[in-house]
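Engineer: okay, sequence plus prediction incoming.
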Amino acid sequence: MILRTEPLTAAAFASFGDVLEAAGDPDKVINQGLCGRFHDLARLDFGPGGRAGLSVFRAELRALPYRLEMVERHPDGSQAFVPMDPEPFLVIVAPDAGGVPGAPRAFLTAPGQGINLLRNTWHGVLTPLAGNGLFAVIDRIGETPNLEEYWFAAPYSVEAG
Ligand SMILES: NC(=O)N[C@@H](O)C(=O)O
Ligand code: NI
C-alpha cells in the first residue's frame, strides 16, 4: 500500500507529539536582544523510575520510496529527535488501535524542524533523507526495555506527497 508524505505541522502532529521549531515570534528575547527563546516546546515524559538522557544518533540516509515494514513505541517515555543539520527527515507515526497501530501517516519535516514523540506513540525509526544523519535524541534512560515493535503483514511504500 502507498503512503504519501505530508508536510509536518504542529496541528497535524499534535496527537502524536510536538514540533520543535522557531516559528513566528519568540516567546522571549534574551541575550541583550540577540537571541529569541522559543520556550518549553515539548511534552517531555520519562515516567517513574527513569530519567532524561541526551544521546546522539548517527543514522544511515534513506530515500523515497521508502519501504515501511515496522513501527515501534516506547511505553515508558517520550522521545525527541533534533536534527544536527538543516535537512528534512521522514516522520512516520500511527494512532493506537486497540494495542496495534492504526493507519500510519508519513510527515516530511521542513529544514529546522525537530520532533518530540509522546510516550507510547507508534512511530517509524529515525529516517533521515539527506545531510549527515546526526540527531540529538532526548529520551528515557531506565532499566526497562521501553520498546515494543510491530511488523506489518505487508509493507507500505512511502512516497512523495
Ligand atoms: N531504538 C532506538 O533507540 N531508536 C528508535 O527508538 C527510533 O525511534 O529510532
Ligand atoms: Ni523510537
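Structural biologist: Received the coordinates, thanks. Ligands and ions are numbered 1, 2, ... in the order given.

Engineer: tell me which residues of the helix or strand hosting residue 138 are tucked away?
Structural biologist: Assigned by DSSP states H and E, residue 138 belongs to strand 134-141. Within strand 134-141, the residues scored as buried using 16 or more other C-beta atoms under 10 Å are 135, 137, 138, 139, 140. In short, each C-beta sits where N, CA and C put it, glycine included.

Engineer: what packs against that strand?
Structural biologist: strand 51-58, strand 79-83 (3 or more C-beta pairs under 8 Å, 6 or more residues apart in numbering; DSSP states H and E).

Engineer: what strands flank the last one, and is each parallel or antiparallel?
Structural biologist: Read that as strand 79-83. If you go by DSSP bridges, strand 79-83 pairs up with strand 114-117 (antiparallel), strand 134-141 (antiparallel).

Engineer: give me the residues contacting that strand.
Structural biologist: 20, 42, 44, 57, 89, 109, 113-117, 123, 126, 128, 131, 134-140 (C-beta atoms under 8 Å, 6 or more residues apart in numbering).

Engineer: using CSV, write out every CA atom in that strand.
Structural biologist: Only the C-alpha atoms of strand 79-83 are listed here, as CSV (Å, rounded to 0.1, in the frame of the first residue of the first chain):
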residue,chain,number,x,y,z
GLN,A,79,11.5,10.5,22.5
ALA,A,80,12.7,13.7,20.9
PHE,A,81,14.8,14.0,17.7
VAL,A,82,16.6,17.2,17.0
PRO,A,83,18.5,17.2,13.6
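
Engineer: that's all I had, so thanks and see you.
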